[in-house]
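> Turn this into a structure:
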Amino acid sequence: MPIKQGLLPRKHIVIRDLKRGVVNVIAKEDNKEKEFFLTLQNSMINEKHHKETNPNHPLENDIVNAYDVKLLRWASFKISELELYNPAHLGGAPNGRENDSIREEEAADPRRSGYRAPEEVAQEAQTYDRGTESSSD
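Numbers count the residues shown, from 1 in each chain. Model prediction:
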């Protein structure tokens, strides 16, 4: 099952991660899951495969082209058909988290989404207010 629409990474984020290193991607293609280990780092791309122009059109928001370091060829995928997006595949996540992958099961957990119900925010504010009142004695 693909990652939900609201939780898909945006293209500029994907490009940024690809420029930082290898990204593990699983995407649907022809009703089959395909796994890629992609990068846009020139140091990891064979010199004969270097592109003279940007392989990713700035106006195209869904299709990403990148070099597959395992298959040693250029590959493309649609962001809307992602099953797994893991920029932390090699060398750890750039943001310091141990695992930065997004899967449908994890995305379904509201604690991971950053969304907090208004009641939670209100209760947190009340607790904070009470804490400051007691310290003014």
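> rest of the way, CA atoms for contacts and neighbours
Fine.
> Where does the prediction get shaky in the chain?
Scanning the chain for pLDDT under 70 picks out 1-2, 88-137.
> 80 - rerun?
Residues of the chain that meet the criterion pLDDT under 80 lie in 1-6, 88-137.
> So which residues of it form helices?
Applying DSSP state H to the chain gives helices spanning 11-20, 104-107, 110-113, 118-134.
> Could you give the number of residues near E52?
Residues near E52, counting by other CA atoms under 10 Å, number 6.
> K19: what's it in contact with?
T39, L40, Q41 (CA atoms under 8 Å, 6 or more residues apart in numbering).
> Check H50 too.
Counting by CA under 8 Å, 6+ apart, H50 touches N42.
> which residues of the chain fall in strands?
23-29, 32-39, 63-68, 73-78, 82-86 (DSSP state E).
> what's the span of stretch 65-79, first residue to last?
11 Å (CA to CA, to the nearest Å).
> What count of nearby residues applies to the closest residue to K28 other than its chain neighbours?
The shortest distance from K28 to any non-neighbouring residue, by CA to CA, 6 or more residues apart in numbering, is to E81 (5.5 Å). Around E81 there are 20 other residues, counting by other CA under 10 Å.
> swap in D62?
By other CA under 10 Å, the burial measure for D62, its neighbour count, is 12.
> Got phi/psi on it?
When quoted as degrees, to the nearest 10, the phi and psi of D62 stand at phi -110, psi -40.
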